[in-house]
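Undergrad: heads up, no residue letters with this:
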């Protein structure tokens, strides 16, 4: 009879590489169900550059990039209008990156940054942008805006369902469902930045 | 304005004014990547608006892609389509 010494242990066979990868992936995806994934986009814009564009192109610049709602929201604080427009432009570019729409031919006005009464931003998609988001399985978006030192920036995170999983109707925020923004506010720890943009 | 050399000259003038390139737009090869030459996404918007003003055209949404503004040659191709050249 052979007695194992007290600290002797049977070596655990190394986990297969696939199992390790799966465990790591699960640890990195808390709260996500199988097949769901996150996509993220970020962009930064120089506020002075937006002012220069407005000076150079006037209303044509604003009308091409921003919806009436966005222009009205940015103008609520006239002294900070340029930085608020800059943050909104950054959000549009961040969403284009998050959903890989750089070659989709999406108009900037099809990506609309909305502002709640308390300043909390959200994103509403229209037209081709909404169609691409739908095709990508986007179920929810989060956006955060900020600015400092002459720079405005935005981050967009998209939660995507696996293909064919379906998506609750009424969240797309397209033209057929006015007033139903696709994106929700960023978590509360971004609240200070959100309410200043 | 449909002559390719005139179109290129107009594009280079707009790039010089609005592209915020780190290189001289006049000396840039037609196939050179404008984003690699320093053009930001915001600058590309200014370039687009500058081109619209100079050539009296309007870029439809379908042409608002990164690749359309990626080089002088690519911009020339899009403008040629819009100008019916």
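TA: Here it is on my side, so go on. Predicted model only: the values in this text are computed from it and were never measured. Numbering: from 1, shown residues only, chains lettered A, B, ... in the order given.
Undergrad: Go ahead and confirm residue A:142 touches residue A:120.
TA: No: using CB atoms under 8 Å, residue A:142 makes no contact with residue A:120, being 10.9 Å away. C-beta coordinates here come from the backbone N, C-alpha and C atoms, glycine included.
Undergrad: okay, and for chain B, where does confidence drop off?
TA: Scanning chain B for pLDDT under 70 picks out B:1, B:85.
Undergrad: Quick one: neighbours of residue B:62, just the number.
TA: 12 (other CB atoms under 10 Å in any protein chain shown).
Undergrad: That one touches residue A:104, doesn't it?
TA: No: Residue B:62 is beyond contact range of residue A:104, at 9.1 Å (criterion: CB under 8 Å).
Undergrad: Which residues of chain A lie near chain B?
TA: A:43, A:45-46, A:49-50, A:52-53, A:56-57, A:60-61, A:64-65, A:89, A:93, A:102-108, A:110, A:128 (CB under 8 Å from any CB of the partner chain).
Undergrad: buried subset of the residues you listed?
TA: A:43, A:45-46, A:49-50, A:52-53, A:57, A:61, A:64-65, A:89, A:93, A:104-108, A:110, A:128 (16 or more other CB atoms under 10 Å in any protein chain shown).
Undergrad: mind checking the SS state of residue A:146?
TA: strand (DSSP: H, G, I helix; E, B strand; the rest coil).
Undergrad: Looking at strand pairing, list the partners for it.
TA: residue A:153 (DSSP bridges).
Undergrad: ok, so what distance separates it from residue B:57?
TA: Residue A:146 sits 36 Å away from residue B:57, taking CB to CB, to the nearest Å as the criterion.
Undergrad: ok, now residue A:57?
TA: Counting by CB to CB - residue A:57 and residue B:57 are separated by 15 Å.
Undergrad: what's the answer for residue B:80, then?
TA: 10 Å.
Undergrad: next one: residue B:26
TA: Taking CB to CB, one finds residue B:26 at 22 Å from residue B:57.
Undergrad: Going by how many neighbours each has, rank those two and give me the top one.
TA: Applying other CB under 10 Å to residue B:26 and residue B:57 shows that residue B:57 carries more neighbours, namely 16 against 10.
Undergrad: Tell me which residues touch the more buried one, please.
TA: B:51, B:79, B:82-83 (CB atoms under 8 Å, 6 or more residues apart in numbering or on different chains).
Undergrad: Nearest to residue B:18 among those residues?
TA: residue B:51 (8.8 Å; CB to CB).
Undergrad: what residues are up against that closest one?
TA: Residue B:51 sits in contact with B:10-11, B:14, B:57, B:59, B:75, B:79, where contact means CB under 8 Å, 6+ apart.
Undergrad: same thing with residue B:12?
TA: With the criterion set at CB under 8 Å, 6+ apart, residue B:12 makes contact with B:25-26, B:28, B:72.
Undergrad: Report the buried members of those residues.
TA: B:25, B:28, B:72.
Undergrad: and the first one, how far is that from chain A?
TA: Computed with CB to the nearest CB, to the nearest Å, the distance linking residue B:25 and chain A is 17 Å.
Undergrad: In this model residue B:18 seems to touch that residue, though I could be wrong.
TA: No: counting by CB under 8 Å, residue B:25 does not reach residue B:18; the two are 9.8 Å apart.
Undergrad: ok, residue A:21 to chain B distance?
TA: 32 Å.
Undergrad: Can you pull the phi/psi pair for that residue?
TA: Backbone geometry at residue A:21, expressed as degrees, to the nearest 10, gives phi -60, psi -40.
Undergrad: again, but for residue A:140
TA: Torsion angles, degrees, to the nearest 10, at residue A:140: phi -160, psi 140.
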